[in-house]
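S.K.: Compute the structure for the input listed below.
(chains A and B)
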Amino acid sequence: MLLKLAWKNVWRNRLRSGIMVAAMVFGLLGVILMVGFMKAMTDNMLDNAIKYQTAHLQIHNPDFLVNEELEAWLPRADAMAREIRGISGVAGVTVRHVVDGMLASAASTRGVRINGILAEDESAVTSLEESLVDGKFLPEKGRNPIMVSKRSAKKLNLRIGSKVVLTFSDIEGEVSGAAFRVCGFFKTPSTGFDEGNVYVRRTDLAGYTGLNESHEIAIRLEDGDAVDAFRQRVEAVVGDSGIVRDWGEVQPILAAMQGTMGISNAIIIGVFVTALGFGIINIMLMSVFERTREFAMLMAVGMTGGKVLRLVVMESLMLGSVGSVLGLLASSLMIAITGTVGLPFGRMAEGLGAFGLDAVLYPEVTMATYLGTLGMLMVTSVLAALYPARQILKKRLSEALAERN
Amino acid sequence: MSIQIENLTKIYNPDTDFPVTAVNHVDLQVEQDEFVAVMGPSGSGKTTLLNMMGGIDRPCEGTVIIDGTDITQLTDKELIGFRRDSIGFIFQDFSLLPVLTALENVEFVMQLQGKSRTECEARAVELLNDVGLGDRLSNVPGKLSGGQQQRVAVARALAPKPKFVLADEPTANLDAQTTYGLLDIMQQLNEKEGTTFIFSTHDPRVIERARRVIVFEDGKVAEDRVARAQKPEDRTL
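M.R.: Numbering: from 1, shown residues only, chains lettered A, B, ... in the order given. Below is the predicted model:
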């Protein structure tokens, strides 16, 4: 009967309870969508960084990390790569010859990182080949092919087949350079990455730098969540020859973003739930104060303080539950729709490219977030009932009975 | 069942410059089956007296002994249980739960006693039939007239089989015909259930039905007389 009484009491003032439920539904829609959007943003930045830039693990000469100079090459790079490829669960390994230099066209010049790669190995590790928007992906034949980004091509006024000149320091410390012919344009989600990188064949670049060694090994794993386990196995292969870093060490800002996302989501949801809690307190205070005499009557005929408290808590919990469940259902529907069709950013996409984001994001919310939010709302609903219940229980029975609502 | 009141005193704001003595050293005894009206002007202390008899308020001095139990010595928790099992309350404004039906309102107090659902329902139906509302069981208070609501309140007060019923001006909001109808029912239940009824009232229609009239003035018993209660057939509207 107490349950029935609580449920009926919740809907005694349908407008008031309805407004509270509507506030919860719309509030949850906004918060969950924001959480889903932030997760999509972080995941997308992370995915793109791993996909196009860092891979899961990288190996360098420790000196290279201090100063990215040609001399800081990685001993036994190809041998290590072969051995690492033999580890089960490794999807691909690429060995890069890396040097900073200048890219010059007839129209302009810019500083770039020149990546000397083996096309087939690179395709097994990064999605560079998939990002090709025009031309070919570093053909095996032909003299000095180079892949530049679509963005750089526009700024340097390049077309497929255009000639560019790369200049850099060789192993003797002398300025070296060569003419390359544009074979393809790539476009990754990161504008900064696109502007700062070009790709040539490793053998071509090694010939001009005079160094037949490599500087970087990038490893892609079949299971991105198994990085820590693989890292130890890769370190065993590398020994003292180099230093192994995971994507989080290569891109610490992204790692920090991912690491703190849970906290920031909890803060956002926490602030929202607290605000809702005050809303519920307000509703419950109004509800119990206008029923002071009714509660007094219940206590007069033998209802204990504990049962009165239980009644108020049940009412608050029911109100909170209806709002929470409807709000989370509406939110999950919204996330399901936007997660399928995506949130296109149109003109803003260009700006988002600076953060390495795709033009369309797909919000996603984990079941743990839904359940956590529901749990927080339930707890808040219970807590929100305590103060109003206390206000009723601390009244003197005879005075409460004498009150006229 | 007997209620024995000795030296009962209630002073409001006792530690201020303006203490108000609502009940002043009252001695009183009420026996089983009595149909008692406590009358007096507003502010004479009737409601305070009833509240202390019902364990709703605590006296500053004196004792209220019901069937050998001094309820002024009970803890709050014990007092709640005592009220639930031993006292029925009827309020001036009916004080029914507006979201529950007439049947549920009567059942509810019995459920507080921990009685089974079937027992509660059977007793509630019987009492609502007794008060003439057998055909209004599923009506919520809002769909009942004032008189019908007060009859539900009477059924609710009697539902837990209390030792006595305290009614604080039960007819104040009722018209003459409804008042007589209600008094008829209460008289019949007083006889049928053997339950003691104690009213606070200044309604002459109630007083003329009472078998004992206690006149209360300035917190004291000014007069305590046995009256010849009118029978229902004697009444004139």
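
S.K.: what does chain B have sitting close to chain A?
M.R.: B:47-48, B:51, B:54, B:56-57, B:77, B:80-81, B:83-85, B:89, B:91, B:93, B:95, B:97-100, B:104, B:107-109, B:111-113, B:156, B:160 (CB under 8 Å from any CB of the partner chain). In short, each C-beta sits where N, CA and C put it, glycine included.

S.K.: low pLDDT regions in chain B?
M.R.: Counting by pLDDT under 70, the ranges of chain B that qualify are B:228-237.

S.K.: What are the structural domain limits within chain A?
M.R.: Using automatic domain parsing, the domain parsing of chain A gives A:2-49+A:255-402, A:62-241.

S.K.: Tell me which of the ones you listed lies nearest to chain B.
M.R.: Nearest of the domains of chain A to chain B, taken as CB to the nearest CB: domain A:2-49+A:255-402 at 2.3 Å.

S.K.: Spatially central residue for the chain, please.
M.R.: Picking chain A for this. When CA atoms, centre = their mean is applied to chain A, the residue found nearest the centroid is residue A:42 (1.6 Å).

S.K.: please go with chain B instead
M.R.: With CA atoms, centre = their mean applied to chain B, the nearest residue to centre is residue B:166, 1.7 Å.

S.K.: tell me the SS of that one?
M.R.: strand (DSSP: H, G, I helix; E, B strand; the rest coil).

S.K.: That one reaches residue B:198, doesn't it?
M.R.: Yes: under the contact definition of CB atoms under 8 Å, residue B:166 touches residue B:198, with a separation of 5.4 Å.

S.K.: Could you name every residue contacting both of the two?
M.R.: B:50, B:53 (CB atoms under 8 Å, 6 or more residues apart in numbering or on different chains).

S.K.: picking that back up, export the domains of chain A to a markdown table and append columns for distance to chain B.
M.R.: Compiled in a markdown table, those are given as follows (distance: least, CB to the nearest CB, whole Å):
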| stretch | distance to chain B |
| --- | --- |
| domain A:2-49+A:255-402 | 2 |
| domain A:62-241 | 53 |
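
S.K.: Which of these sits closest to residue B:38?
M.R.: Nearest of those to residue B:38, taken as CB to CB: domain A:2-49+A:255-402 at 16.3 Å.

S.K.: Validate this expectation: residue B:4 resides in a strand.
M.R.: Yes: assigned with three-state DSSP, residue B:4 falls within a strand.

S.K.: Is it in contact with residue B:65, as I believe?
M.R.: Yes: between residue B:4 and residue B:65 there is a contact at 4.3 Å, judged by CB under 8 Å.

S.K.: Make TSV out of the domains of chain A and add mean pLDDT and distance to residue B:139.
M.R.: Below are the domains of chain A laid out as TSV (pLDDT from 0 to 100; distance: least, CB to CB, whole Å):
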stretch	mean pLDDT	distance to residue B:139
domain A:2-49+A:255-402	90	15
domain A:62-241	92	63
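
S.K.: could those domains go into a markdown table alongside distance to residue B:20?
M.R.: As requested, these are exported to a markdown table (distance: least, CB to CB, whole Å):
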| stretch | distance to residue B:20 |
| --- | --- |
| domain A:2-49+A:255-402 | 14 |
| domain A:62-241 | 76 |
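
S.K.: out of those domains, nearest to residue B:127?
M.R.: Across those, closest to residue B:127 is domain A:2-49+A:255-402 (CB to CB), at 14.5 Å.

S.K.: Centre of the chain to that closest one, how far?
M.R.: 24 Å (CA atoms, centre = their mean, to the nearest Å).

S.K.: give me the residue from chain B nearest chain A.
M.R.: For chain B, CB to the nearest CB, closest residue to chain A: residue B:84, 2.3 Å.

S.K.: in which helix or strand would I find that residue?
M.R.: helix B:76-86 (DSSP states H and E).

S.K.: Now do the helix or strand just after that helix: which elements does it pack against?
M.R.: Following helix B:76-86 in sequence order, the next helix or strand is strand B:87-90 (DSSP H and E). On a contact count with 3 or more CB pairs under 8 Å, 6 or more residues apart in numbering or on different chains; DSSP states H and E, strand B:87-90 meets helix B:146-158, strand B:164-168.

S.K.: Report the buried residues of the helix holding residue B:84.
M.R.: Within helix B:76-86, the residues scored as buried using 16 or more other CB atoms under 10 Å in any protein chain shown are B:79-84, B:86.

S.K.: right, and the pair among these with maximum separation?
M.R.: B:80 and B:86 (11.2 Å).

S.K.: pull the longest helix from chain B.
M.R.: Longest helix in chain B, counting residues (DSSP state H): helix B:176-193.

S.K.: for that helix, which positions count as buried?
M.R.: For helix B:176-193, by 16+ other CB under 10 Å, it's B:178-187, B:189-190, B:193.

S.K.: What is that helix packed up against?
M.R.: Here helix B:176-193 touches strand B:35-39, helix B:117-130, helix B:146-158, strand B:196-201, helix B:204-207, going by 3+ CB pairs under 8 Å, 6+ apart.

S.K.: Residues contacting the shortest one, please?
M.R.: Counting contacts by CB under 8 Å, 6+ apart, the residues outside helix B:204-207 that touch it are B:37, B:39, B:170-171, B:176, B:179-180, B:183, B:199, B:201, B:213, B:227.

S.K.: now the second one
M.R.: Here helix B:117-130 makes contact (CB under 8 Å, 6+ apart) with B:102-103, B:106-107, B:110-111, B:115, B:134, B:136-137, B:152, B:155, B:158-159, B:185, B:188-189, B:192.

S.K.: what about 6 Å?
M.R.: Helix B:117-130 is contacted from outside by B:103, B:106-107, B:110-111, B:134, B:137, B:155, B:158-159, using CB atoms under 6 Å, 6 or more residues apart in numbering or on different chains.

S.K.: farthest-separated two in those residues?
M.R.: B:111 and B:134 (20.7 Å).

S.K.: Buried residues, the top strand by length along chain A. List them.
M.R.: Assignment by DSSP state E gives strand A:90-104 as the longest strand of chain A. Buried residues in strand A:90-104, counted by 16+ other CB under 10 Å: A:90, A:92-99, A:101-104.

S.K.: Closest one of those to residue B:31?
M.R.: For the buried residues of strand A:90-104, the nearest to residue B:31 is residue A:90 (97.3 Å; CB to CB).

S.K.: on that earlier part again, give me the angle between the longest helix of chain B and strand B:35-39.
M.R.: 140 degrees (axes from the mean of the first three to the mean of the last three CA atoms, to 10 degrees).
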